[in-house]
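# here is my input, please return the structure:
(6 chains)
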Number of protein chains: 4
Amino acid sequence: MARKKSDDKRQRILQAAARVFARKGYHGARVSEIARRAEVADGTIYLYFRDKEDILVSLFDEVMREHLKRAHEEIAALGGTREKLLAMARGHLGLLGGNRDLAVVFQVELRHSTKFMERFTASWLQDYFALLTGIVEEGQEEGTLRTDLPLKLVTKSFFGALDEMVTSWILSGRDYDLRELAAPVVELLLNGAAAPRRAGARTALAPVARAAR
Amino acid sequence: MARKKSDDKRQRILQAAARVFARKGYHGARVSEIARRAEVADGTIYLYFRDKEDILVSLFDEVMREHLKRAHEEIAALGGTREKLLAMARGHLGLLGGNRDLAVVFQVELRHSTKFMERFTASWLQDYFALLTGIVEEGQEEGTLRTDLPLKLVTKSFFGALDEMVTSWILSGRDYDLRELAAPVVELLLNGAAAPRRAGARTALAPVARAAR
Amino acid sequence: MARKKSDDKRQRILQAAARVFARKGYHGARVSEIARRAEVADGTIYLYFRDKEDILVSLFDEVMREHLKRAHEEIAALGGTREKLLAMARGHLGLLGGNRDLAVVFQVELRHSTKFMERFTASWLQDYFALLTGIVEEGQEEGTLRTDLPLKLVTKSFFGALDEMVTSWILSGRDYDLRELAAPVVELLLNGAAAPRRAGARTALAPVARAAR
Amino acid sequence: MARKKSDDKRQRILQAAARVFARKGYHGARVSEIARRAEVADGTIYLYFRDKEDILVSLFDEVMREHLKRAHEEIAALGGTREKLLAMARGHLGLLGGNRDLAVVFQVELRHSTKFMERFTASWLQDYFALLTGIVEEGQEEGTLRTDLPLKLVTKSFFGALDEMVTSWILSGRDYDLRELAAPVVELLLNGAAAPRRAGARTALAPVARAAR
DNA sequence: GATGAATGAGCGTTCATTCAT
DNA sequence: GATGAATGAACGCTCATTCAT
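Below is the predicted model:
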């Protein structure tokens, strides 16, 4: 770990970087602006990070390390497929919906290049998907989930839906609560958008859907 | 329209650009490399495009104009919510799955910056969503689709799922047929991943699911 | 050859570089100052030279190519060891004594690093020594020169003496005519600094030599 | 004198500097690398030296002070021009031939810039030449040396020849004994490279030359 | 005396864009 | 229309030096 004494200084740089990357984009961000905002000298940044790219990567690594740790713990403590998926969705949307700068960095800046995306996929996204896969597999074994849909397709669709909620939220410029979308996304994933065949079944689902809103 | 006689030269530039943007990324792409590949002089590019960014934007605009035109026609000619959604999904996955360079440009390079993403959303994505929204609304009116899920949430989830299929396909580096994912994605969207309550209902869905694979 | 149309611009850059390198030293020289003096834009320099180092190397290569060509021709046209050595000395001292900037670059800046010196030795110095060696060998075969002194030692001493004349001239800051030193250096090399004992006393030197061991 | 108690630490720094300067060159040498090798903190160096340049200058000053002291003593104790010149040559070639790092520093790094060379000339080189001049003048007065060659030209040629032997030795990368070149260089300086007029004398010199190799 | 974390000035090079031909 | 030589603004990073401890 590069974390020595002044972990504080390191944190200030990361925070400043999130802000600047979000506002200017990775390429538009000037290292000197990050330094100014972090109230350190330009050179100081290079005592904590190898280069500009390393700042971005570290930002993402540290956030993800922490987030995944929490997610694993939370999921382990919960029972039921729906509850677990809800926790995943709330965690995902809460993490990014709670910090617009971070959200921009995650949704936009980390996807600058295939190189970055590969890195990003290889490191934490893999873990994220492993967690999801575990939940879905368990659901299939329990009989809660269908087994006739490719496992990966389900997890990717779930991730894709959440991801699009975040991107859309960023681009909307509005400030609604992303976490409130967790329940309906999970409901959609589980029960689909199709109307139940019989009128009677409708009622049965209604309470769920209502809650989702 | 900038389309004059030598539309050919313009097309050569766009094609070269797709290749170079895909391989090197927008920032890594050199205008002179695009020129070289298009077999025109550097300066010639500026007779057809305002600047480097305009090349990227034009590339995307022209592809989308064409794609949306086709999609509108196709959807209009089809009946049934599932069929229409399937057509949308096949069109989406087919467009990008058929041209990896284009896919990289759409999934990665167009998302370089919030500025780009906003432009991209404002122009064609809006139209794309309008098309989707029309299908879903029609489905709700027909009674095929639930009305208790926010309309936008359904369309965004559908788009998000397809989008993730493409991104994942690019990053995988493998060459499987993206279009085959259209059916299961639509099935998931419509009926969800949850196992039906009763065994009897299962059978009804089975044939669909089987076909989706 | 990189020499295209505007060989003129290239020459202006080389000339400006000689001046700036001589005044500020290689490391102290700013590329932008060279550009300013050559009346071209900073970027233009990179159309003619790979990088800053390439300017220095090219300067030296072009001067040496020309100089050695002339030297080879001149030597071939002369008869007699002393005459040839005189021509070499006059050429050497004349080249550098005629252009102080060039002299500084050759005596100081080209010796910045072992890397540079090796390059410099490997390219033209080798040719220079080959030329000298030819003259000395010929002298030995003719019986004009002693054969009991290592060939290389003689050529290196000759070169070293000339080289020191130039360095010393630069550091003196005075402007005397370097070429006038050619004749006495050659005389020293050929007949030595020792006073002849007597007219016929060549033999009388033998004991001295013996004592030297 | 900066020589206090911990002269040891100062010496360690100088030694480390010689090594690093020789390997990386003055500009390529990092103060922190010198510090690391000397096993002191970066800041400690500045307790002993004004700046990086002062390390190089001090290195050279201390070596020269010592060397010239020895040379003066040795010369004073010897009789005969040839003997004295031989002692000078052996001292010169022995000093640098015995320590390649030091040789590189003296032949290459000290000649980085005219500023350095002037300093170097002004301080010890002047003394070195004074010593040489004394020997030559004495030789002329005794009648051992010719008086028809400019005094300075003789001393510079001698120095230049020795200097070139060292430079050439460094660049050769080979490890032959530099000191063995002292005798033939002195012989060349004194008697020249020209063959004596009569064949008879030839035989007398031959054994000497053979030994010199 | 000794440390080493912090500083911040300084510069070679790239490349999108222009414009004289 | 087409060319491509020329432009020059822009910036990440290094590293000698300082100074609070």
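
# what sits closest to A:V57 if chain neighbours are left out?
A:R119 (7.0 Å; Cβ to Cβ, 6 or more residues apart in numbering or on different chains). For the C-beta atoms, the positions are set from N, CA and C on the backbone; glycine is no exception.

# what kind of secondary structure is the one you found in?
Classification of A:R119 using DSSP: H, G, I helix; E, B strand; the rest coil returns helix.

# likewise for the one 3 residues further on?
Under three-state DSSP, the three-state class of A:A122 is helix.

# show me where chain A has its helices.
Using DSSP state H, the helices of chain A run over A:7-28, A:31-38, A:42-48, A:52-77, A:81-97, A:100-107, A:114-120, A:126-142, A:151-172, A:182-191, A:199-212.

# give the buried residues for the fourth one.
Of the residues in helix A:52-77, those with enough neighbours to count as buried (16 or more other Cβ atoms under 10 Å in any protein chain shown) are A:52, A:55-60, A:63-64, A:67-68, A:71, A:75.

# would JSON lines of those residues with pLDDT and distance to D:A194 be doable?
Compiled in JSON lines, the buried residues of helix A:52-77 are given as follows (pLDDT from 0 to 100; distance: Cβ to Cβ, whole Å):
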{"residue": "A:K52", "pLDDT": "96", "distance to D:A194": "68"}
{"residue": "A:I55", "pLDDT": "96", "distance to D:A194": "72"}
{"residue": "A:L56", "pLDDT": "95", "distance to D:A194": "74"}
{"residue": "A:V57", "pLDDT": "93", "distance to D:A194": "73"}
{"residue": "A:S58", "pLDDT": "94", "distance to D:A194": "74"}
{"residue": "A:L59", "pLDDT": "94", "distance to D:A194": "78"}
{"residue": "A:F60", "pLDDT": "92", "distance to D:A194": "79"}
{"residue": "A:V63", "pLDDT": "94", "distance to D:A194": "83"}
{"residue": "A:M64", "pLDDT": "95", "distance to D:A194": "83"}
{"residue": "A:H67", "pLDDT": "96", "distance to D:A194": "88"}
{"residue": "A:L68", "pLDDT": "96", "distance to D:A194": "87"}
{"residue": "A:A71", "pLDDT": "97", "distance to D:A194": "92"}
{"residue": "A:I75", "pLDDT": "97", "distance to D:A194": "97"}
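
# next, count neighbours for the residue nearest to A:V57.
17 (other Cβ atoms under 10 Å in any protein chain shown).

# next, count neighbours for the nearest residue to A:T121 once chain neighbours are set aside.
Using Cβ to Cβ, 6+ apart and skipping residues adjacent in sequence, the residue nearest A:T121 is B:L171, 5.3 Å away. For B:L171, the neighbour count with other Cβ under 10 Å is 17.

# measure stretch A:133-149 end to end?
13 Å (Cα to Cα, to the nearest Å).

# what about stretch A:44-57 and DNA strand E, touching?
Yes: on the criterion Cβ under 7 Å from any atom of the strand, stretch A:44-57 is in touch with DNA strand E at A:T44, A:Y46, A:L47.

# near DNA strand F, from the residues you listed?
Answer for the residues of stretch A:44-57 next to DNA strand E near DNA strand F (Cβ under 7 Å from any atom of the strand): A:Y46.

# just the closest of the residues of stretch A:44-57 next to DNA strand E to chain B, please.
Relative to chain B, the closest of the residues of stretch A:44-57 next to DNA strand E is A:Y46; by Cβ to the nearest Cβ it sits at 21.9 Å.

# any idea of the pLDDT on that closest one?
Per-residue confidence (pLDDT) for A:Y46: 96.

# so how far is A:A35 from it?
Distance of A:Y46 to A:A35, computed by Cβ to Cβ, to the nearest Å: 10 Å.

# what's the neighbour count on A:G160?
Neighbours of A:G160 using other Cβ under 10 Å come to 24.

# skipping its backbone neighbours, what lies nearest it in space?
Nearest one to A:G160, counting by Cβ to Cβ, 6+ apart, is B:E164 at 2.9 Å.

# give the contact list for that neighbour.
Shown in contact with B:E164 (Cβ atoms under 8 Å, 6 or more residues apart in numbering or on different chains): A:K156, A:S157, A:F159, A:G160, A:D163.

# what about it, distance to chain D?
B:E164 sits 48 Å away from chain D, taking Cβ to the nearest Cβ, to the nearest Å as the criterion.

# follow-up on the earlier one: mind putting the buried residues of helix A:52-77 into a markdown table with distance to D:G134?
Output for the buried residues of helix A:52-77, formatted as a markdown table (distance: Cβ to Cβ, whole Å):
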| residue | distance to D:G134 |
| --- | --- |
| A:K52 | 63 |
| A:I55 | 65 |
| A:L56 | 69 |
| A:V57 | 68 |
| A:S58 | 67 |
| A:L59 | 71 |
| A:F60 | 74 |
| A:V63 | 77 |
| A:M64 | 78 |
| A:H67 | 82 |
| A:L68 | 82 |
| A:A71 | 87 |
| A:I75 | 92 |
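
# closest one of those to C:Q126?
C:Q126 lies nearest to A:K52 out of these, by Cβ to Cβ, at 44.9 Å.

# give me the nearest residue to the closest one, chain neighbours excluded.
A:V31 (5.6 Å).

# now do the closest residue to A:F159 other than its chain neighbours against chain C, distance only.
Counting by Cβ to Cβ, 6+ apart, B:E164 is the residue found nearest to A:F159 once chain neighbours are left out, at 5.9 Å. Distance of B:E164 to chain C, computed by Cβ to the nearest Cβ: 43 Å.

# same thing with A:P150?
Counting by Cβ to the nearest Cβ, the gap from A:P150 to chain C is 53 Å.

# hmm, B:P184 and that residue touching each other?
Yes: at 6.2 Å, A:P150 and B:P184 qualify as touching, with contact defined as Cβ atoms under 8 Å.

# wait, what's in contact with the residue nearest to the spatial centre of chain A?
When Cα atoms, centre = their mean is applied to chain A, the residue found nearest the centroid is A:H92 (4.1 Å). Taking Cβ under 8 Å, 6+ apart as the criterion, A:H92 is in contact with A:L162, A:V166, A:A182.

# the residue of chain A at minimum distance from DNA strand E: neighbouring residues, count only.
Residue of chain A nearest DNA strand E, by Cβ to the nearest atom of the strand: A:G43 (1.6 Å). Counted by other Cβ under 10 Å, the residues lying close to A:G43 total 9.

# likewise A:L78?
By other Cβ under 10 Å, 16 other residues sit near A:L78.

# repeat that for the one 5 residues further on.
Counted with other Cβ under 10 Å, residues neighbouring A:E83 total 15.

# for A:Q15, same thing?
Neighbours around A:Q15, by other Cβ under 10 Å: 16.

# which among the residues of stretch A:44-57 next to DNA strand E end up buried?
Neighbour-count burial (16+ other Cβ under 10 Å) is assigned, among those, to A:T44.

# looking at the residues of stretch A:44-57 next to DNA strand E, which is nearest D:L96?
Using Cβ to Cβ, the residues of stretch A:44-57 next to DNA strand E come closest to D:L96 at A:Y46, 39.1 Å.

# what does the pLDDT read for A:R197?
70.

# rewinding a little: the residue nearest to A:T121 reaches A:M117, doesn't it?
Yes: with contact defined as Cβ under 8 Å, B:L171 counts as touching A:M117 (6.1 Å).

# re the thing from before, now that the residue nearest to A:V57 has come up, it's in contact with A:S58, right?
No: in this structure, A:R119 is not within contact of A:S58 by Cβ under 8 Å, at 12.0 Å.
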